[in-house]
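> structure for the following, please:
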Amino acid sequence: MAVSLQSRPVNDTQNTPPNSPIDAPQKAPLEAPEPARATRIRPQSLAEVAYPKTIKSFVRRAGRVTSGQTKAFDELGPRFLLPYQANALDFAAAFAEAADPDAKRPRPIVLEIGFGMGEATAHIAAALPQTNFLCCEVHEPGVGALLKRIGELNLHNIRICAHDAVDVIDHMLPEQSLDGVHIFFPDPWHKKKHNKRRLIQPPLIAKLAARLKVGGYLHCATDWQPYAEQMLEVLSAEPLLKNTALNQHPELLGYAPKPHYRPLTKFENRGLKLGHGVWDLVFERV
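Have a look, this model is predicted:
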């Protein structure tokens, strides 16, 4: 279902998606990088393979790790970086530091795929302190930047897996183990011949839907209208998902108001001032 929409403003006052318990990349500061310690395990960066041969959740990007990011890797990496493993993740053990001993039930778990430089991720984790966030990103400066924000904001509810999210989904996340999934501003691959490389494709959405608990949600956002139309078509075709906006906001033709927890990044604000649109899609697991 391809729907052509005019650009629309973002509304920050709307409600969160059902059972609610993200980020344009930013350029790293031009600081002189320090040599990495030999004991630091760097994120794995795999060669990009075009869909549909093998789904990949990322494209290799160049970038420099700043001295501040290097320090964050060394000081905070042991606490907040989760190594990839080919077996189911023990969420209680992974987030033990953030656990509330008086809580009657486990905290919700939200998976984020591709957090860029981590600005929105840190904002959301601070706004939703009772939710745990498992975040996948292979761009090393971005991982270092988020670790730095974790230290600055004294956050305890984020864990980072610096590995391809598809492998993480396949091997570390059991079915019906997630309360939410965030995919904010994935690479739109503007040229038509490159559209097949877009992250939001039926096989990946089927994997994510199977790993959501009933009532869990999948939230995607993009600032590229053709990609928004493809997202809407792909998500609507997944039988395990239903569009939360159809009944609540029929005037938006399947798109959702921006949930309050997703902040406006400086790049998004710049686009809005130029008249560009931003589209949010929030689907619920049935």
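
> can you give me the helices in the stretch 51-200 of the chain?
Per DSSP state H, counting those that start in this stretch, the stretch 51-200 of the chain carries helices over the ranges 67-80, 91-94, 119-127, 140-153, 165-172.

> in JSON lines: these, plus mean neighbour count and distance to residue 281.
The C-beta positions use only the backbone N, C-alpha and C, and glycine is treated the same way. Formatted as JSON lines, the helices of the stretch 51-200 of the chain follow (neighbours: other Cβ atoms under 10 Å; distance: least, Cβ to Cβ, whole Å):
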{"stretch": "helix 67-80", "mean neighbour count": "18", "distance to residue 281": "29"}
{"stretch": "helix 91-94", "mean neighbour count": "14", "distance to residue 281": "26"}
{"stretch": "helix 119-127", "mean neighbour count": "22", "distance to residue 281": "16"}
{"stretch": "helix 140-153", "mean neighbour count": "23", "distance to residue 281": "23"}
{"stretch": "helix 165-172", "mean neighbour count": "20", "distance to residue 281": "18"}
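
> for residue 260, which of the ones you listed is the nearest?
helix 119-127 (8.0 Å; Cβ to Cβ).

> what does that closest one contact?
Helix 119-127 is contacted from outside by 22-23, 26, 112, 115, 131, 133, 135, 146, 149-150, 153, 155, 157-158, 182, 184, 260-263, 265, using Cβ atoms under 8 Å, 6 or more residues apart in numbering.

> contact partners for the residue most central in space within the chain?
When Cα atoms, centre = their mean is applied to the chain, the residue found nearest the centroid is residue 112 (2.9 Å). Residue 112 sits next to 22, 121, 133-136, 181-184 when contact means Cβ under 8 Å, 6+ apart.

> and the contacts of helix 119-127, which are buried?
The neighbour-count test (16 or more other Cβ atoms under 10 Å) marks 22-23, 26, 112, 115, 131, 133, 135, 146, 149-150, 155, 157-158, 182, 184, 261-263, 265 as buried among those.
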